[in-house]
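Engineer: Structural data only, the sequence is not supplied:
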Ligand SMILES: NC(=O)N[C@@H](CC(=O)O)C(=O)O
Ligand SMILES: [Zn+2]
Ligand SMILES: [Zn+2]
């Protein structure tokens, strides 16, 4: 694939980190993931988190019922770990293909993580079982307490939590979700394997913390882990441009209603489903690394999760594409990442 190409066809991508929420929001946002992605790994942090098989099955059914005819994708479910998670429940969920992974939210680290895990020692038996059965552990990797600087949470987590966890469970498959720092990139470059990979979001590739304060505070760019300094953004961009197969696509599309974004104590999360794929393409092109686009979007993820690579393809053409300005939801709205902006690439054809 040359850098001057006007048309690119790649294997249809999957999104390995998606928040769809529920009810009204689910119904409105779901089509945007279906427009670009063949499969999506659904995060379990609903207001009432998905903590067992029963909740996993009913949430998947609600997702399938909300699916738009033209824009279908396969939802792959995850289970939310708490201090009360029962290893047998996870094992049944994994073998019955209800869940393909379990998610670790450190207590109070992000949206809906109040039922998260306070100490790794509380889930030792769960992790032992996951290691034994080959069930991947997905991690929101931030160590949060009032003494740790918000910009240092991810590095502290790697040092104080992830390192010991990997030493104790060397055969546990782990995805460090939405990495944001140079230290994390280095860590994955050094230790990445079939047991350790990381996802990277389009907003952490395109933005740094200056953008959050450009022309006044920008609540729509507030997400967790928070946007970091430009040196970290640069390291993330170089990581994907290097073609290292231990990084893959996880958009962390995280819709929140406008009123909750601009509120006092506004919520963290960026809804990027309408723009995520085209944003990734833009960054790969800027980095002159389009030859690695397909592996990042469509191969490295399934290889890690041990599932087949998609058969369908998606074709991009070099034609301006304007990103949806807003999505109305009742009397409120959700504003997407890159709302109203024009990107250089459009989708040419949707696979049958
Ligand atoms: N990324 C975010 O800022 N928010 C996510 C949760 C998460 O992925 O940490 C959300 O659910 O809103
Ligand atoms: Zn997270
Ligand atoms: Zn997320």
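Structural biologist: Now that the structure is in, tell me what you want to look at. All values derive from a computational prediction rather than experimental measurement. Ligands and ions are numbered 1, 2, ... in the order given.

Engineer: what sits against the residue lying closest to residue 93 once chain neighbours are set aside?
Structural biologist: Computed as C-beta to C-beta, 6 or more residues apart in numbering, the closest residue to residue 93 that is not its neighbour in sequence is residue 99, at 4.1 Å. To be clear about C-beta, it is placed using only N, CA and C from the backbone, and glycine gets the same treatment. Neighbour list for residue 99: 53, 56, 77, 78, 79, 90, 93, 135 [criterion: C-beta atoms under 8 Å, 6 or more residues apart in numbering].

Engineer: On the pLDDT front, check the closest residue to ligand 2 within the chain for me.
Structural biologist: Residue nearest to ligand 2 within the chain: residue 140 (3.5 Å; C-beta to the ion). Among the per-residue scores, residue 140 shows a pLDDT of 98.

Engineer: list the contacts for it?
Structural biologist: By C-beta under 8 Å, 6+ apart, the contact list for residue 140 reads 103, 104, 105, 106, 109, 110, 113, 177, 178, 224.

Engineer: before we move on, back to that, of the contacts of residue 99, which belong to strands?
Structural biologist: Counting by DSSP state E, the part of the contacts of residue 99 found in strands is 77, 78, 79.

Engineer: check contacts around the first one.
Structural biologist: It refers to residue 77. Contacts of residue 77 by C-beta under 8 Å, 6+ apart are 42, 44, 50, 56, 59, 60, 98, 99, 100.

Engineer: Got the confidence number for it?
Structural biologist: So residue 77 comes in at 99 (pLDDT).

Engineer: Look up which residues are beta-bridged to it.
Structural biologist: Residue 77 forms beta bridges with residue 42, as assigned by DSSP bridges.

Engineer: Give me the distance between it and ligand 1.
Structural biologist: 15 Å (C-beta to the nearest ligand atom, to the nearest Å).

Engineer: quick one: residue 265 from residue 145, how far?
Structural biologist: From residue 265 across to residue 145, the span is 19 Å (C-beta to C-beta, to the nearest Å).

Engineer: oh sorry, the question was meant for residue 112
Structural biologist: 19 Å.

Engineer: These two: which is more packed in?
Structural biologist: Between residue 112 and residue 145, residue 112 has the larger neighbour count (other C-beta atoms under 10 Å), namely 17 against 10.

Engineer: if we can go back for a sec, now the residue nearest to residue 93, what are its backbone angles?
Structural biologist: phi -120, psi 140 (degrees, to the nearest 10).

Engineer: could you redo the contacts of residue 77 as CSV and give each row distance to ligand 2?
Structural biologist: Shown next, in CSV, are those (distance: C-beta to the ion, whole Å):
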residue, distance to ligand 2
42, 13
44, 11
50, 15
56, 19
59, 18
60, 21
98, 22
99, 18
100, 18
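
Engineer: and the residues you listed, which two are the farthest apart?
Structural biologist: Greatest spatial distance among the contacts of residue 77 (C-beta to C-beta): 59 and 100, at 13.7 Å.

Engineer: Now do the SS call for residue 348.
Structural biologist: Using DSSP: H, G, I helix; E, B strand; the rest coil, the structure places residue 348 in strand.
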